[in-house]
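> coordinates for the following, if possible.
(2 chains)
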Amino acid sequence: MPLRAKVASSVSRTAAALSRAAGRGDGSVIGGWIGLKIDPDLLAHLSAGRAIALVSGTNGKTTTTRLTTAAVGVLGRVATNSFGANMPTGHTSALAKAGSTPYAVLEVDEHYLAQVLEATEPHVVALLNLSRDQLDRAKEVAMMAQLWRAALVRHPRIRVVANADDPMVVWAACPPADPAQGHVPPHVTWFSAGQRWHDDSWVCPECGFTIQRSGEQWWCTGCPLRRPEPHWTVEDDGVLDPTGAWHKIQLQLPGKVNLGNAATALAVAAEFGVRPVDAVSRLGTVTSVAGRYAQVDRDGRNIRLLLAKNPASWLEAFDMADVAPTLLSINARDPDGLDTSWLFDVDFSPLAGRQVLITGDRAYDLAVRLEVNGVPFQHVRSFDEAVRAVPPGRLEVIANYTAFQDIRAELDRVN
Amino acid sequence: MSTESLRIVWIYPDLLSTYGDRGNALILARRAQLRGMPVEVLEVRSDQRLPATADIYLIGGGEDGPQALGAQRLIADGGLHRAVAQGSVVFGVCAGYQLLGTSFFAKGTRCAGLELLDLSSDRGPTRAVGELVGEVDPRLGIPHLSGFENHGGRTHLGAGVSPLARVTTGVGNDGATEGAWRGKLLGTYSHGPALARNPDLADLLLRWATGIHQLPPLDDTWADRLRSERRTAVAAAQRP
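Have a look, this model is predicted:
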């Protein structure tokens, strides 16, 4: 590593440690920011010599990164940005902090995938899904798919592990090969993780015709784009690998969506040569991920935290939540997106019959939404009031990003 | 009303449903049902024929490509024009509002609109993103408009339409006026589930559709709290 990069890396680690000591967060952003100021190529320098996997998509990035890190850990030490700091500053900080490791698994914000591909030259990139998320500032879904596609065309040697069930991802993962430009089609391994949310892929990104669905299959009515045959699939409570062998998956994380994330993790690890049979037991060691799925006992209530940031992830949260008293909390601060319109893309009727409590900065938006679904609810002003309002036993908490962090803070920043 | 039940058509949810647009159909249906009216909601996709005999037509927001495609297909279909000629109600939001006019810009080119409202849209210098508040045309008899806008367009109204509201916060059509209406056609830049924050606007559309001038009142406690909370937040943000 050049001297400038060494200095930058060391200063970055020190700044992160100072930030943590000062109680200003986990230090994963500030450390990387300072390091990149001293050496703009620091991320590239820190990436050199490591076999890297990138994990990107709208939902499931943090959990899939954690599961993949566990799986690749079969081979040796793995650097990762486990705090969900998923932009280049966070990657820089994570790699500087980890020191020299043979492997790295990095969660990447979908807007930064092109930039991080350039800097890290990964061995493999996992593309999970694309759906509407914070549209008041994020790119629209079709535009995001186009950005991914354009980035992958410039890196034909990177292996791609992609979701066969998401038409936008499939289209992004298959950029047109142009032999005249030396572009070869990328090597794609397809996984099927199921997809409950379809409302962002009715229209073909290639030709604009309607996409038809029947069971798990989908196809464009105007061009050859269709669901590729997946190499890895979820079957019952396990994963079928490309050889046809079935592996039972015993996770400590709830929901079918996490079985899909486990299948993805095994597929990514396999690109490094990890055999699924060696990795499955490690997946079961992952308990909670930066507070997601964490369980806390307080006053006789077993409180479980579920993060849901956008319509697709709310649908998954309802699927994984127990039929139990449920607290919903919504904010609309900068990290959440300022617009709450998406509440009407979520069908809240699965909550009918449960005791529902609402709170958060934008609880009234939630109130109006639940009324339309005919779901009775009670408005509470604080997390403590919610805990007191439910009987002993399970309390499911479903919250969007900053609302989730607020409640996590009430619970001593549970991980 | 066309038949015994109130028929609501949500036009092209496959193209024009960017962010919570379904809410307007859900809210109208719910408010009608609470008053004992039978309701039918039809979701008509862009590869289907548009029925011309419904009472209320809803058109939502969308990205440039789907907006242009939606306008082309609606012009070719002709069903919406027939419905308007028969006196149906049309409520257009954002991209769905723009395409009711004579022309709009999508992907850098001028596209033909449906020419149902005397207005045209082009690109503004900046994207308008944030809270949108306006004092509604007093002839409509409803309180202030409360919404969230997210669009790059600017809309110029012709003599054949009236502005829906005078902007007090946000941009709307051009920073001065917001939305437009004529007869039983109404459009707004208040995007997505615009009716969630404007129950009186929902009832206005129901009155137009049913011809019933006195709808039984509903308990709008939560919507009123939401409107007042938004108004307070907007005022706090504007304080120097």
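
> host element of residue 223?
I'll assume chain A. Per DSSP states H and E, A:C223 falls between elements, in no helix or strand.

> oops, wrong one, chain B.
helix B:221-238.

> quick check, that helix touching chain A?
Yes. Residues of helix B:221-238 contacting chain A under C-beta under 8 Å from any C-beta of the partner chain: B:W222, B:A223, B:R225, B:L226, B:E229. Using the backbone N, CA and C atoms, a C-beta is placed for each residue, glycine as well.

> now the buried members of these.
B:W222, B:A223, B:L226, B:E229 (16 or more other C-beta atoms under 10 Å in any protein chain shown).

> what is the burial count for the residue nearest to the second one when sequence neighbours are not counted?
Spatially, and ignoring its direct neighbours in sequence, B:A223 is nearest to B:P199 (4.8 Å; C-beta to C-beta, 6 or more residues apart in numbering or on different chains). Using other C-beta atoms under 10 Å in any protein chain shown, B:P199 has 21 other residues around it.

> now swap in A:A363 and tell me
Per other C-beta under 10 Å, the neighbour tally for A:A363 reads 24.

> so it makes contact with A:I330?
Yes. A:A363 is in contact with A:I330 according to C-beta atoms under 8 Å; the separation is 6.6 Å.

> how far does stretch B:75-91 sit from the chain's center?
Remark: stretch B:75-91 is offset 15 Å from the chain centroid, using C-alpha atoms, centre = their mean, to the nearest Å.

> what about it, how long is it end to end?
Chord length of stretch B:75-91, first to last residue, is 17 Å (C-alpha to C-alpha, to the nearest Å).

> please see if that stretch touches chain A.
No. Using C-beta under 8 Å from any C-beta, stretch B:75-91 stays clear of chain A, with a minimum separation of 14.5 Å.

> buried stuff in that stretch?
Neighbour-count burial for stretch B:75-91, with 16+ other C-beta under 10 Å as criterion, is recorded at B:I75, B:D77, B:G79, B:L80, B:H81, B:A83, B:V84, B:S88, B:V89, B:V90, B:F91.

> quick one: mean pLDDT for the helix or strand harbouring the last one?
Take DSSP H and E as the rule and B:F91 turns out to sit in strand B:89-93. Predicted confidence along strand B:89-93 averages 98 (mean pLDDT).

> ok, now stretch A:255-262?
So the average pLDDT for stretch A:255-262 ends up being 92.

> mind listing what the residue positioned nearest the centre of chain A touches?
In chain A, the centroid-proximal residue (C-alpha atoms, centre = their mean) is A:K61; its distance is 1.9 Å. Under the criterion of C-beta atoms under 8 Å, 6 or more residues apart in numbering or on different chains, the neighbours of A:K61 are A:V55, A:N86, A:E107, A:V108, A:D109, A:L128.

> which residues touch the fifth one?
By C-beta under 8 Å, 6+ apart, the residues touching A:D109 are A:S56, A:K61, A:N86, A:M87.

> could you dump those to TSV with pLDDT and secondary structure?
TSV is the format used below for these (pLDDT from 0 to 100; DSSP: H, G, I helix; E, B strand; the rest coil):
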residue	pLDDT	secondary structure
A:S56	97	strand
A:K61	92	helix
A:N86	90	coil
A:M87	91	coil
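
> how does chain A divide into domains?
A:3-283, A:295-410 (automatic domain parsing).

> straight-line length of the last one, end to end?
Read that as domain A:295-410. End-to-end span of domain A:295-410 (C-alpha to C-alpha): 13 Å.

> cool, the longest one as well?
Distances were taken as C-alpha to C-alpha; on that basis the terminal residues of domain A:3-283 are 38 Å apart.

> again, but for stretch A:44-56
So stretch A:44-56: terminal residues 19 Å apart, C-alpha to C-alpha.

> ok, now stretch A:175-191?
Length of stretch A:175-191, first residue to last, C-alpha to C-alpha: 18 Å.

> residues of chain A that sit close to chain B?
A:132, A:135-137, A:140, A:142-143, A:199, A:202-203, A:208, A:210, A:221, A:338-345, A:364-365, A:367-369, A:371-374.

> what is the mean pLDDT for the longest strand along chain B?
When chain B is parsed with DSSP state E, its longest strand is strand B:119-136. Averaged over strand B:119-136, pLDDT sits at 95.

> what does stretch A:40-52 give?
Per-residue scores along stretch A:40-52 average to 91.

> return the distance of that stretch from the chain's centre.
Centroid separation for stretch A:40-52 versus its chain: 22 Å, with C-alpha atoms, centre = their mean.

> turn the buried ones among the residues of helix B:221-238 next to chain A into a markdown table, columns for distance to B:K107 and pLDDT.
Below are those laid out as a markdown table (distance: C-beta to C-beta, whole Å; pLDDT from 0 to 100):
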| residue | distance to B:K107 | pLDDT |
| --- | --- | --- |
| B:W222 | 40 | 98 |
| B:A223 | 37 | 98 |
| B:L226 | 35 | 98 |
| B:E229 | 37 | 96 |
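
> any chance you could map the helices in the stretch 201-350 of chain A?
In the stretch 201-350 of chain A, the helices defined using DSSP state H, counting those that start in this stretch lie at A:256-270, A:276-283, A:311-320.

> could you pick out the residues of chain B near chain A for me?
Counting by C-beta under 8 Å from any C-beta, chain B sits next to chain A at B:13-15, B:17-23, B:26-27, B:30, B:45-47, B:63, B:65-66, B:69, B:129-130, B:148, B:150, B:191-193, B:196-197, B:222-223, B:225-226, B:229.

> buried subset of these, written for ChimeraX?
Selection of buried members from these for ChimeraX, criterion 16+ other C-beta under 10 Å:
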select /B:13,14,15,17,18,19,20,21,22,23,26,27,30,46,63,65,66,69,129,130,148,150,191,192,193,196,197,222,223,226,229
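
> so which of the residues of chain B next to chain A belong to strands?
B:V129, B:G130, B:F148, B:N150.

> any weak-confidence spans in the chain?
I went with chain A, as the question did not name one. Residue ranges of chain A with pLDDT under 70: A:7, A:11, A:14-29, A:134-139, A:178-179, A:181-184.

> chain B was what I was after
Ranges of chain B meeting pLDDT under 70: B:1-3, B:240.

> now the helices for it?
Ranges of helices within chain B are B:22-33, B:64-77, B:79-85, B:95-98, B:199-210, B:221-238, based on DSSP state H.

> dump those to a markdown table, plus distance to A:R408.
Formatted as a markdown table, the helices of chain B follow (distance: least, C-beta to C-beta, whole Å):
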| stretch | distance to A:R408 |
| --- | --- |
| helix B:22-33 | 30 |
| helix B:64-77 | 38 |
| helix B:79-85 | 49 |
| helix B:95-98 | 38 |
| helix B:199-210 | 35 |
| helix B:221-238 | 24 |
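
> do you know which of these lies nearest A:E229?
helix B:64-77 (28.9 Å; C-beta to C-beta).

> what's that closest one in contact with?
Contacts of helix B:64-77 with the rest of the structure, by C-beta under 8 Å, 6+ apart, involve A:142, A:203, A:208, B:11-12, B:15-16, B:46, B:49-50, B:59, B:62, B:80, B:95-96, B:98-99, B:104, B:106-107, B:111-114.

> what about stretch A:338-357, start to end distance?
Length of stretch A:338-357, first residue to last, C-alpha to C-alpha: 22 Å.

> correction: the previous question concerned stretch A:286-297.
19 Å.

> just to revisit the earlier point, make a markdown table out of the contacts of A:K61 and add secondary structure and distance to A:V323.
Formatted as a markdown table, the contacts of A:K61 follow (DSSP: H, G, I helix; E, B strand; the rest coil; distance: C-beta to C-beta, whole Å):
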| residue | secondary structure | distance to A:V323 |
| --- | --- | --- |
| A:V55 | strand | 32 |
| A:N86 | coil | 33 |
| A:E107 | strand | 31 |
| A:V108 | strand | 36 |
| A:D109 | coil | 34 |
| A:L128 | coil | 28 |
